[in-house]
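# Provided below for reference: sequence and predicted model.
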Amino acid sequence: MEQMSSGKYDTESMMHQAQHMWTMLDEMATSNPQAYREFINKQLQEGREQMAPPQPHMCIKTNLLKPLPVTMYINVCGWKRIPPPKSEEEPVSVMGTSLQTVQDQSGTFTTISVAFNLGIIEKFGRNSENPADRDTLIQLSMDYIEEQQKVKISRIYEILDDSILYKGDLSDIHASFAVKNKSSDKQFENNLDELEKSCGPLAAGAKDSLLNQLKNIAVSDNQSGTQSTTRPDISVLSTNGAGKSVLIEEINTSQRLPVPKHELSCVKSDASQEDVLVLNIMLPNVHSVAECELDISEDDISMNVPTKYELYVKLPRIIKENDSTAKFNKKNSTLTLRMPVLR
């Protein structure tokens, strides 16, 4: 598939628009208080809708072929935060989670979720008038997953009944997508605080409204940014019913921060002799584990030190995340994670 990477935010433009909005709000609050309140209420409502989590649309059953054969379910979601393509020639934006191993009464299987703009879901999803369009969306989802996760998926699939829109735990699906946006959301809040210091405090409710406006502005700017040169541009073409080419691109909503030096090893526990994954992360200029935002799941690690470092590690084995520990060594500024391996 073709993977394209969005450029950095147009921060200067974003700040200019935010300051203009701030001036407008100040003038409106003085000249027309009723209109001001109506505007704020409207923006808050739109912000809540914009920040709502992705909603499952359909569930695809197929098979993961590599690295290990296993039943696989792809949860296809619609999300308002995913921007639509600006034209038919523009790439279709997508965001995805990591692979998850799930076990229930039916056995063990793998799940993964992908999210598209609501308009794309409406046009190419379950209820598409053209089956070829729906197949295009599903095949592009599989292309994206194979490229991102370095796996091989069977192209023989089944769309589950509309009574089963997803497999796995919905709260876990929402949390996985939230991790993708955590860094950018924090950065927006910091930017807003700086604006508030320089321009004066907002009236009650206006800060939340403007925060959502800033996020919308940033996603729009990010969509039109220049392509990063850190990843190759590989063309992936799929033909829809109209015979036109369709591109797909990964949405990258996080600020690019340095990746710290790190080492991952597997050792034996002295007490139980069970395997333990040990991840050492070197963090110069970090003084406490409290500065680190950690998200440990059974097969991957996400870490963010706001404005300093960002790290994602795909683990080679499934771990017991609830039994994992983190310890920070102040002498050498090293964070050590110990993660017992699930037998």
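In hand now; what should we look at? Residues are numbered from 1 along each chain as shown.

# could you list the paired strands of the strand ranked longest in the chain along with their orientation?
The single longest strand within the chain, with elements called by DSSP state E, is strand 55-66. Counting by DSSP bridges, the strands paired with strand 55-66 are strand 70-78 (antiparallel), strand 152-153 (antiparallel), strand 158-159 (antiparallel).

# for residue 172, find the nearest of these.
Ranking the strands paired with strand 55-66 by proximity to residue 172 (C-beta to C-beta) places strand 70-78 first, at 10.5 Å. To be clear about C-beta, it is placed using only N, CA and C from the backbone, and glycine gets the same treatment.

# the next helix or strand along the chain from the closest one - contacts with which helices or strands?
Helices and strands here follow DSSP states H and E; after strand 70-78, the next one along the chain is strand 92-96. The helices and strands touching strand 92-96, judged by 3 or more C-beta pairs under 8 Å, 6 or more residues apart in numbering; DSSP states H and E, are strand 107-116, helix 131-149, strand 248-250.

# need these in JSON lines (columns: distance to residue 83 and mean pLDDT).
Shown next, in JSON lines, are the helices and strands packed on strand 92-96 (distance: least, C-beta to C-beta, whole Å; pLDDT from 0 to 100):
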{"stretch": "strand 107-116", "distance to residue 83": "10", "mean pLDDT": "93"}
{"stretch": "helix 131-149", "distance to residue 83": "16", "mean pLDDT": "92"}
{"stretch": "strand 248-250", "distance to residue 83": "10", "mean pLDDT": "65"}
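
# tell me which of those sits nearest to residue 88.
helix 131-149 (12.7 Å).

# list the buried residues of that closest one.
Within helix 131-149, the residues scored as buried using 16 or more other C-beta atoms under 10 Å are 133-145, 147-149.

# of the residues you listed, which pair is most distant in space?
Among those, 133 and 149 lie farthest apart (C-beta to C-beta), at 24.7 Å.

# elements contacting the host helix or strand of residue 278?
Per DSSP H and E, residue 278 falls inside strand 275-282. Other elements packing on strand 275-282 under the criterion 3+ C-beta pairs under 8 Å, 6+ apart are strand 262-268, strand 334-340.

# make sure residue 177 is indeed in a helix.
Yes: counting by DSSP: H, G, I helix; E, B strand; the rest coil, one finds residue 177 located in a helix.

# name the nearest residue to it, sequence neighbours excluded.
Distances taken as C-beta to C-beta, 6 or more residues apart in numbering put residue 54 closest to residue 177, at 5.5 Å, once the chain neighbours are dropped.

# kindly report the same for residue 301.
Using C-beta to C-beta, 6+ apart, the nearest residue to residue 301 is residue 313, at 4.4 Å.

# if we can go back for a sec, can you pull the pLDDT of the residue nearest to residue 177?
pLDDT, residue 54: 91.

# next, it: phi, psi?
phi -60, psi 150 (degrees, to the nearest 10).

# need the helices and strands packed on strand 92-96 in a markdown table (columns: distance to residue 79).
Output for the helices and strands packed on strand 92-96, formatted as a markdown table (distance: least, C-beta to C-beta, whole Å):
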| stretch | distance to residue 79 |
| --- | --- |
| strand 107-116 | 4 |
| helix 131-149 | 14 |
| strand 248-250 | 14 |
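
# buried residues in stretch 100-119?
Along stretch 100-119, these residues count as buried under the neighbour rule (16+ other C-beta under 10 Å): 100, 102, 109, 110, 111, 112, 113, 114, 115, 116, 117, 118.

# which residues touch the nearest residue to the last one once chain neighbours are set aside?
In space, residue 118 comes closest to residue 78 once its chain neighbours are excluded; the distance is 4.5 Å by C-beta to C-beta, 6+ apart. Listed by C-beta atoms under 8 Å, 6 or more residues apart in numbering, the contact set of residue 78 reads 54, 55, 57, 115, 116, 117, 118, 120, 121, 122, 125.
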